[in-house]
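Q: I would like to see how this sequence folds:
(chains A and B)
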Amino acid sequence: MTIVAESSVLPERRGTVGRLSDFLWRHPHMLLAVLLGPPLVWLGIVYLGSLFALLLQSFFSIDDFSGLINYEFTLATYGQLLSETNLDIILRTVLMAATVTLASALIAFPIAYYAARYARGKWKALFYLGVMLPLWSSYLVKIYAWKLILAKEGILTWFFEKLNLLWLLDAWLALPVVGGNSLSVSYTGTFIVFVYVWMPFMILPIQAALERVPTNLIEASSDLGGTPAQTFRYVLFPLALPGIVAGSIFTFSLTLGDYIIPQIIGSSRLFIGQAVYAQQGTAGNIPLAAAFTVVPIVIMGAYLWMAKRMGAFDAL
Amino acid sequence: MTTAVLFDNVSRHFGAVRAVDRVNLQIAEGEFFAMLGPSGSGKTTCLRLMAGFEQPTGGHIEIFGETAEGVPPYRRSVNTVFQDYALFPHLSILDNVAYGLMVKGAGREERRKSAEDALAMVKLPGYGTRRPGQLSGGQRQRVALARALVNKPKVLLLDEPLGALDLKLREQMQEELKSLQKSLGITFVFVTHDQGEALSMADRIAVFNEGRIQQLGSPEEVYNQPKTRFVADFVGSSNVLSARLCQKLGLRAAFASLRPEAIAIAAPHNGALSLSGTVVAQSFLGATNRIVVDVDGARIAVASPAAHGIPSIGSPVTISFAARDLHPMEDA
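A: Below is the predicted model:
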């Protein structure tokens, strides 16, 4: 028996598939084009195209008497956007998004750190399950569940009562702006639910970033005399920053655009998402709705530019 | 003579695994000390115990007379050159080197000056503005060395620092490390699995196997008089002669070691010992030929100068060696 093959080149495989695989092997760029073409068309035309069509609307205006759209380029709609009421909505939404993002990052970091550094095997699987599980159930169900939890007759009030801490809750609710009749109709309630709902989007990118930090960098910092606080500040945090920024893009932009949570939980004052919903639905003012959607895009653009300027992506 | 590092019956167990098992050693100040052994032999764990990344599960460690147990790495004046260098990817080379001074609160100007001096010392002046990703392996190695030395450590730990370099660069770095150690007078503790590296650089060598020190001595001692079969085999691949062969040669020992280069393929001179056998394998290694001779079923390797020619396979030969080259050993 010989262990050497009989010919040095195997015969060509017959049929279209055989010829096609030979052809694609010789022309790897063709394969890339075939694979990348459809999604690029989707992204370019359907996704970005519709977005630009929407943005174009923001340069039109609405006729106050007939309620019809006037297809002439004008900045009047943007003038309307900058009115006091609308600026209030924008400011309220941006502040909410910023605090939600900050709180999410603060809560997510230790969880992500544990998952990346210590959890192994079974515990790691449990971590992913725990983080992802809330994403699998309906968003509306979760929000209504929170409404019950935060209501005046809800479990949270009951809990504070049992702990004899009701005075603390009442004191908080008596505060201006963040307070209200109960948690479910206060900004505090809106904030809690936002943080809860977007948390997985903050934990996972931070965990991925921390996972990529080699343990020996932490050891090297310690070896060179860095205390744990210094190691965090000069090594761990800068290297995790791209993950934190990625997570904050999710939490920030999702909060900027959401219109359901503030509608169900919180005071009746509008957020950007609700304003868009109201303008394009009830009011039929598509140009103003479009102008409102430009706001988050501009804010996110400015945010990313600032993050890059501050070196958030240097470790990538 | 001051003791730089003292291990008194030190153990480090991970569950049932005895990574380091009752190790005793004493490293003198200014010494170039090598810990040699195969992977998993406990040498790196010993280094990590000195650095403070691991705490012993038993025994006592002293560094310059001070108890080291419970002292975190950042309070030890011991610095490490890591196996894969562990340079901070988000910092420039200068900031990497100055890191130790920065966390200790040195001023910006002092930091810059010291870091530049350290870079000049490792022959990388003017590389400060680059990033670790822009340097070659050998250059990163030098940066790691500068980053450790800039802190003026009392003990410098090196964890297989030359492992990732190619042969030429490795030989060059060996010489540089050696001369750097001599000029600085810092105690170097060096972990390696390369016996050639340990022999050529170290003042003393501890040979590790399965968490224990098999032999501790000068390179000459470890090479010429291996105490155990493991040392004979690991350091320079000595021939290990069984009790039966020892008896035949008039030596009362369970095992004996015999260096391939101590054997000649020739009739014995006065007082020399000899064995006869058959050539079973041979290969050309450049300066020498490696010839394997079968003596009553035992295979004995001979390093014969290339100039002496190669006997053909299957030919009967007589091998001879001086009695003093045959070293009795303790155990298997």
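
Q: which intervals of the stretch 201-332 of chain B have sub-threshold pLDDT?
A: B:331-332 (pLDDT under 70).

Q: can you map out the strands along it?
A: In the stretch 201-332 of chain B, the segments counted as strands under DSSP state E, counting those that start in this stretch are B:204-209, B:212-217, B:239-241, B:255-258, B:264-265, B:273-284, B:288-295, B:298-305, B:316-321, B:327-329.

Q: and chain B, which residues reach chain A?
A: Within chain B, the positions near chain A by C-beta under 8 Å from any C-beta of the partner chain are B:51-53, B:72-74, B:78-80, B:82-84, B:86-90, B:99-100, B:102-104, B:147-148, B:151. Yep, even glycine has a C-beta here, placed from its N, CA and C like the rest.

Q: What is the helix or strand where residue B:96 lies packed up against?
A: Using DSSP states H and E, residue B:96 falls within helix B:93-103. Here helix B:93-103 touches helix B:108-121, helix B:137-149, going by 3 or more C-beta pairs under 8 Å, 6 or more residues apart in numbering or on different chains; DSSP states H and E.

Q: Next, the angle helix B:93-103 makes with the first one.
A: In this structure, helix B:108-121 runs at an angle of 130 degrees to helix B:93-103, with axes from the mean of the first three to the mean of the last three C-alpha atoms, to 10 degrees as the basis.

Q: can you list the residues that contact helix B:108-121?
A: Identification of contacts with helix B:108-121 by C-beta atoms under 8 Å, 6 or more residues apart in numbering or on different chains yields B:93-94, B:97-98, B:101-102, B:106, B:125-128, B:143, B:146-147, B:149-150, B:180.

Q: Of those residues, select the buried ones using a ChimeraX command.
A: To isolate the buried members of the contacts of helix B:108-121 in ChimeraX, using 16 or more other C-beta atoms under 10 Å in any protein chain shown:
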select /B:93,94,97,98,101,102,106,127,128,143,146,147,149,150,180
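
Q: Chain B contacts on the stretch 151-300 of chain A?
A: Counting by C-beta under 8 Å from any C-beta, the stretch 151-300 of chain A sits next to chain B at A:214, A:216-217, A:219-227, A:230, A:234-235, A:238-239.

Q: now the helix or strand harbouring residue A:157, how far from the chain's geometric center?
A: Per DSSP H and E: residue A:157 is located in helix A:155-162. In terms of C-alpha atoms, centre = their mean, to the nearest Å, the centre of helix A:155-162 is set 31 Å apart from its chain centre.

Q: Likewise for stretch A:276-291?
A: On the basis of C-alpha atoms, centre = their mean, stretch A:276-291 sits 23 Å off its chain's mean C-alpha point.

Q: can you check stretch A:59-70 too?
A: Averaging C-alpha positions (C-alpha atoms, centre = their mean) puts stretch A:59-70 33 Å from its chain's average.

Q: Break down the stretch 151-300 of chain B into its helices, ranges please.
A: Along the stretch 151-300 of chain B, counting by DSSP state H, counting those that start in this stretch, helices occupy B:167-184, B:195-201, B:219-224, B:229-234, B:243-248.

Q: Contacts for the helix or strand bottoming out on mean pLDDT in chain A, please.
A: The helix or strand of chain A with the lowest confidence, counting by mean pLDDT, DSSP states H and E, is strand A:69-70 at a mean of 77. For strand A:69-70, the external contacting residues (C-beta under 8 Å, 6+ apart) are A:57, A:60-63, A:286-287.

Q: and of these, the nearest to chain B?
A: Of all the contacts of strand A:69-70, chain B sits closest to residue A:57, with 42.9 Å by C-beta to the nearest C-beta.

Q: Now that closest one: closest residue in space, sequence neighbours ignored.
A: Leaving aside its chain neighbours, residue A:57 sits nearest to residue A:290 (3.9 Å; criterion: C-beta to C-beta, 6 or more residues apart in numbering or on different chains).

Q: Can you get me a residue count around residue A:305?
A: 10 (other C-beta atoms under 10 Å in any protein chain shown).

Q: circling back to that earlier point, pull the most distant pair out of the contacts of strand A:69-70.
A: A:57 and A:63 (14.3 Å; C-beta to C-beta).

Q: quick one, which of these two is more surrounded?
A: Using other C-beta under 10 Å, the more surrounded residue of residue A:57 and residue A:63 is residue A:57, with 19 against 9.

Q: Quick check, pLDDT for that one.
A: Per-residue confidence (pLDDT) for residue A:57: 85.

Q: Number of residues surrounding residue A:308?
A: 12.

Q: and it, helix, strand or coil?
A: helix (DSSP: H, G, I helix; E, B strand; the rest coil).

Q: can you give me phi and psi for the closest residue to residue A:172 other than its chain neighbours?
A: Excluding the flanking residues, the one nearest residue A:172 by C-beta to C-beta, 6+ apart is residue A:179, at 6.4 Å. Here is the backbone geometry of residue A:179 (degrees, to the nearest 10): phi -90, psi -170.

Q: Quick check, residue A:179 in contact with residue A:170.
A: No - using C-beta atoms under 8 Å, residue A:179 makes no contact with residue A:170, being 9.2 Å away.

Q: Name the residue in these two with the higher neighbour count.
A: Taking other C-beta under 10 Å, residue A:179 and residue A:170 do not tie; residue A:179 has more neighbours (18 against 12).

Q: how far away is the more buried one from residue A:267?
A: 10 Å (C-beta to C-beta, to the nearest Å).

Q: Hmm, residue B:304 is touching residue B:265, no?
A: Yes - using C-beta under 8 Å, residue B:304 is in contact with residue B:265, at 5.6 Å.

Q: overlap in contacts of these two?
A: With C-beta under 8 Å, 6+ apart as the test, residue B:304 and residue B:265 both reach residue B:291.

Q: Looking at these two, which is more packed in?
A: Set residue B:304 next to residue B:265 and count neighbours by other C-beta under 10 Å: residue B:304 wins out with 22 against 18.

Q: Okay then, goodbye and thanks.
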